[in-house]
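S.K.: Give me coordinates for this.
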Amino acid sequence: MAAKKLCESFSKSLLDEVHRCGCMKQTGVSLRYMMEFGSKPTLRNLLISAQFLHKELPIRIARRAIELQKLPYGLSDKPAVLKVRDWYLDSFRDLKSFPDIKDNNDELEFTKMIKMIKVRHNNVVPTMALGVQQLKKALHPKVHNDGLEEIHQFLDRFYMSRIGIRMLIGQHVELHNPNPPPDVVGYIHTKMSPLEVARSASEDARGICLREYGSAPDVNIYGDSNFTFPYVPNHLHMMVFELVKNSLRAVQERFMDLDKIAPPVRIIVADGLEDVTIKISDEGGGIARSGLPKIFTYLYSTAKNPLCEQPDLETANVATMAGYGYGLPISRLYARYFGGDLQIISMEGYGTDAYLHLSRLGDSQEPLP
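M.R.: Numbers count the residues shown, from 1 in each chain. Prediction:
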């Protein structure tokens, strides 16, 4: 079925081109380079940036399209995965059929097109999650308990690559903003306050907790409110939101039926010479040691699966409180994308500490899967 569909909708010459491009070397960039290059968004720089993306994006997209066709356990044939693969092939075709970028009019047209590509890929994460769920349903339980290592590794590469593609496109598109806010270069805020971002992410997470449970523990934040460093605020927001959301859920579920007041979730922001570390601590009862290795896999969640309740993909993008089992592994990829990391340390019977390390040097190259 899959092979038939592929030949019908995509020409052989396009697929040959995908394989040719997929063998080419990717070029990573660092946060510092994006920041310095984007701080002067002259017409010439925008032209250079577009020419780079015109060469680089097809290579990255081709690599993922090839991998999507070679997944184990028949994952490649699941309807949701076929849908994602078609988005990648469509985007590859759009990029390859765009002529060389010679002047600023070409650059503006190209920018319009990659903006469309970014929108086309908006639902990749929930759609892939659905594909994995479709696979889980079909698999013998023995298989997926043995840890589908190959699928986890593929998804790590796949989502890491997606973060990079979206960062490069988003950064280029944002540089066209005629009135950027002060200290903002594309997606990067050169004087981002981690405390401010943590505050806003916590409020968002509490909002969801209130909606779902009718109440939410407090979140107390400690650190220097004047401290800033260059980073991508929406990446940090996403990671803190995810971690605080997990903590709120754990505390809420542990204290809901007791007559005690739920203890607050605590966030501490520390600025070291190399790293900015954000620690999120809760007293939500912790995670059993046997469960810890599973928390960074894509086939595990302690919550009900939202996709079982919403088989319709169009609604699968709502911010549910939990359930894809994707929040932690994807947050760790966001941290690693700019040279940081995420560690979870747990005391079963008490609570959990999440340490989010962010590299403040901005020199590390993108990790290119």
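S.K.: contacting residues around the closest residue to Y88 other than its chain neighbours?
M.R.: Among residues not flanking Y88 along the chain, A65 sits closest, at 4.1 Å (CB to CB, 6 or more residues apart in numbering). Every C-beta, even on glycine, is put in place using the N, C-alpha and C of the backbone. Going by CB atoms under 8 Å, 6 or more residues apart in numbering, A65 touches V18, G22, R85, Y88, L89, F92.
S.K.: wait, doesn't the fifth one sit right on L14?
M.R.: I take that to be L89. Yes: with contact defined as CB atoms under 8 Å, L89 counts as touching L14 (7.2 Å).
S.K.: Show the buried residues in the contacts of A65.
M.R.: Neighbour-count burial (16 or more other CB atoms under 10 Å) is assigned, among those, to V18, G22, R85, Y88, L89, F92.
S.K.: for the stretch 51-200 of the chain, what spans make up the helices?
M.R.: Listed in chain order, the helices of the stretch 51-200 of the chain (DSSP state H, counting those that start in this stretch) span 79-96, 104-120, 124-138, 141-145, 149-174, 194-213.
S.K.: Revised request: answer the last question for the stretch 201-350 of the chain.
M.R.: According to DSSP H, counting those that start in this stretch, the stretch 201-350 of the chain carries its helices in the segments 233-255, 306-309, 327-337.
S.K.: Tabulate those (CSV), appending distance to E212.
M.R.: Converted to CSV, these look like this (distance: least, CB to CB, whole Å):
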stretch, distance to E212
helix 233-255, 8
helix 306-309, 11
helix 327-337, 15
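S.K.: With L273 as the reference, name the closest of those.
M.R.: Evaluated over these, closeness to L273 peaks at helix 327-337, with 18.2 Å, by CB to CB.
S.K.: Output the below-cut-off pLDDT ranges for this protein.
M.R.: 1-8, 140-147, 300-325 (pLDDT under 70).
S.K.: okay, now the domains of it?
M.R.: 2-183, 187-359 (automatic domain parsing).
S.K.: now R206: how far from P367?
M.R.: The gap separating R206 from P367 is 32 Å, by CB to CB, to the nearest Å.
S.K.: rewinding a little: tell me which two in the contacts of A65 are the farthest apart.
M.R.: Longest span within the contacts of A65, CB to CB: G22 and R85, 13.1 Å.
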